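K.L.:
With the sequence up front, the predicted model follows.
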Amino acid sequence: MKVREEIKASVANNRGNPGQLLSDNLSKHPVGVRVAAGKPDTLKRAIRRINVEIHHRNQQM
């Protein structure tokens, strides 16, 4: 899904609260797209996982 990919890309560029990043990205899209993107808890978990991956990569450098 394009929306999920946009969210993942914005997480790599921005640091912040997963809920805030999620709402910022989803607010641009119509309701149908938001529903198709998945449950908010699942999307927040994906954001947290990406943040952990980025943190681990930065520590290894």
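P.N.:
Nice, thanks for sending it over. Residues are numbered from 1 along each chain as shown.
K.L.:
Let me see the ranges of the helices in the chain.
P.N.:
Taking DSSP state H as the criterion, the chain contains helices spanning 2-13, 18-26, 31-37, 40-60.
K.L.:
Quick check: which ranges of the protein have low pLDDT?
P.N.:
For the chain, applying pLDDT under 70 flags the ranges 1.
K.L.:
again, only using 90
P.N.:
Scanning the chain for pLDDT under 90 picks out 1-4, 6-16, 51, 54-61.
K.L.:
Can you lay out the helices of the chain as JSON lines showing mean neighbour count?
P.N.:
The way it works is simple: take the backbone N, C-alpha and C, and place the C-beta from them, glycine included. Formatted as JSON lines, the helices of the chain follow (neighbours: other Cβ atoms under 10 Å):
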{"stretch": "helix 2-13", "mean neighbour count": "14"}
{"stretch": "helix 18-26", "mean neighbour count": "16"}
{"stretch": "helix 31-37", "mean neighbour count": "12"}
{"stretch": "helix 40-60", "mean neighbour count": "13"}
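K.L.:
Next, the contact list for the closest residue to Val11 other than its chain neighbours, please.
P.N.:
Excluding the flanking residues, the one nearest Val11 by Cβ to Cβ, 6 or more residues apart in numbering is Ile50, at 4.7 Å. Ile50 is in contact with Lys8, Val11, Ala12, counting by Cβ atoms under 8 Å, 6 or more residues apart in numbering.
K.L.:
How about Ile54?
P.N.:
Ile54 touches Val11, Ala12, counting by Cβ under 8 Å, 6+ apart.
K.L.:
mind checking how far it is from Arg15?
P.N.:
9 Å (Cβ to Cβ, to the nearest Å).
K.L.:
what touches both of those two?
P.N.:
Common neighbours of Ile54 and Arg15 (Cβ under 8 Å, 6+ apart) do not exist.
K.L.:
so how far is Ser23 from Ile50?
P.N.:
Distance of Ile50 to Ser23, computed by Cβ to Cβ: 16 Å.
K.L.:
Likewise for Ile54?
P.N.:
20 Å.
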